[in-house]
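[1] Sharing a model prediction with you, sequence too.
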Amino acid sequence: MKKINLLIGLMAVLAINFLQPVFADEQIKYSAGLFAGYYNTSSSNFNDVDASFETAMVFGGAVSYHFTPRYSIELWTTKYTTDMSLSFDDKNAKLGELDQTPILLTGRFQFPIRKSNADIYLGAGVGYAFNDFKQVNHSDLDDFFAVNLETKQMDDCIIWALNVGAEMRIKKNYALFVDLKTIFSEPSFDVIFEDGTASGKNVGLNASVFSFGFKYLF
């Protein structure tokens, strides 16, 4: 019991030390942070064949410039690696592995929560995604299409994003945040069949990224 009381007391001291009020006249100009999260790409359709992507854990970073206490711009990036599978009727096969590195520039408006050190923010941005696709060759894939299949490189593409999140200052120069981004992209993706004919289209890779992280303010 004494150990429990000691632990509670220690946590209270830490809370008082870290969750101290932040003065409104302290203007932050820059911030830099690291985050971890989950990247989930929605299923897409490729010539009547459903393409699905595995959810993956990601790590990344962001830097921001604060024009005013309420408006800032953020440069954000991460690296996403996932398996891409195709399904049609009762057949399913892994097509390959997709690597995507999005880089986003987002404008954000922050809304302070009264009598707290927390803000809620909304944002929208544009950026560019570097895509790399590696095909997996195995008999299941040949059986799926009943022909030999060759995939070309998935093109890099422009991306757009919507953003919502919350940030809490835990000390003068430190903050914790949770963040949700919805990223829209349509890279061009082509396949070549055994007879040399090609089929291709823009494949929707709309994704949601939920992350939590730590930020340094200066």
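    Here it is on my side, so go on.
[2] could you point out which element follows the least confident helix or strand in the chain by mean pLDDT?
    Here the helix or strand of the chain ranked lowest by mean pLDDT, DSSP states H and E is helix 2-18, holding a mean of 44. Remark: after helix 2-18, the chain's next helix or strand is strand 30-41, criterion DSSP states H and E.
[3] What residues of that following strand count as buried?
    By 16 or more other C-beta atoms under 10 Å, the buried positions in strand 30-41 come out as 31, 33, 35, 37, 39-41. In short, each C-beta sits where N, CA and C put it, glycine included.
[4] Okay, now the unreliable bits of the protein?
    1-26, 43-49, 88-89, 137-152, 191-200 (pLDDT under 70).
[5] okay but residue 38 is in contact with residue 57, surely?
    Yes. Counting by C-beta atoms under 8 Å, residue 38 touches residue 57, with 5.9 Å between them.
[6] Tell me where the chain has strands.
    Along the chain, counting by DSSP state E, strands occupy 30-41, 44-46, 49-53, 56-66, 71-78, 80-88, 91-112, 118-135, 149-151, 157-171, 174-185, 188-193, 198-202, 207-217.
[7] List the pairing partners of the longest one within its sheet, with orientation.
    Think strand 91-112. When pairs are called by DSSP bridges, strand 91-112 turns out to pair with strand 71-78 (antiparallel), strand 80-88 (antiparallel), strand 118-135 (antiparallel).
[8] Just want the angle from that strand to strand 49-53.
    If you take axes from the mean of the first three to the mean of the last three C-alpha atoms, to 10 degrees, strand 91-112 sits at 50 degrees to strand 49-53.
[9] Using CSV, write out every CA atom in strand 91-112.
    What follows is strand 91-112, C-alpha atoms only, in CSV (Å, rounded to 0.1, in the frame of the first residue of the first chain):
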residue,chain,number,x,y,z
LYS,A,91,-9.8,-16.5,-56.4
ASN,A,92,-7.3,-14.4,-54.5
ALA,A,93,-3.5,-13.9,-55.1
LYS,A,94,-0.8,-11.5,-53.9
LEU,A,95,0.3,-9.4,-56.8
GLY,A,96,3.3,-7.7,-55.1
GLU,A,97,4.6,-5.1,-52.6
LEU,A,98,3.9,-1.4,-52.8
ASP,A,99,6.3,1.2,-51.3
GLN,A,100,4.9,4.7,-51.1
THR,A,101,6.6,7.7,-49.7
PRO,A,102,4.2,10.7,-49.5
ILE,A,103,5.4,14.2,-48.8
LEU,A,104,2.7,16.7,-47.8
LEU,A,105,2.6,20.5,-47.4
THR,A,106,-0.5,21.2,-45.2
GLY,A,107,-2.0,24.5,-44.1
ARG,A,108,-3.6,24.3,-40.6
PHE,A,109,-6.0,26.3,-38.5
GLN,A,110,-5.8,25.8,-34.8
PHE,A,111,-8.7,26.3,-32.4
PRO,A,112,-7.7,26.6,-28.7
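[10] Quick one: residues contacting residue 164.
    When contacts are counted by C-beta atoms under 8 Å, 6 or more residues apart in numbering, residue 164 touches 120-123, 179-180.
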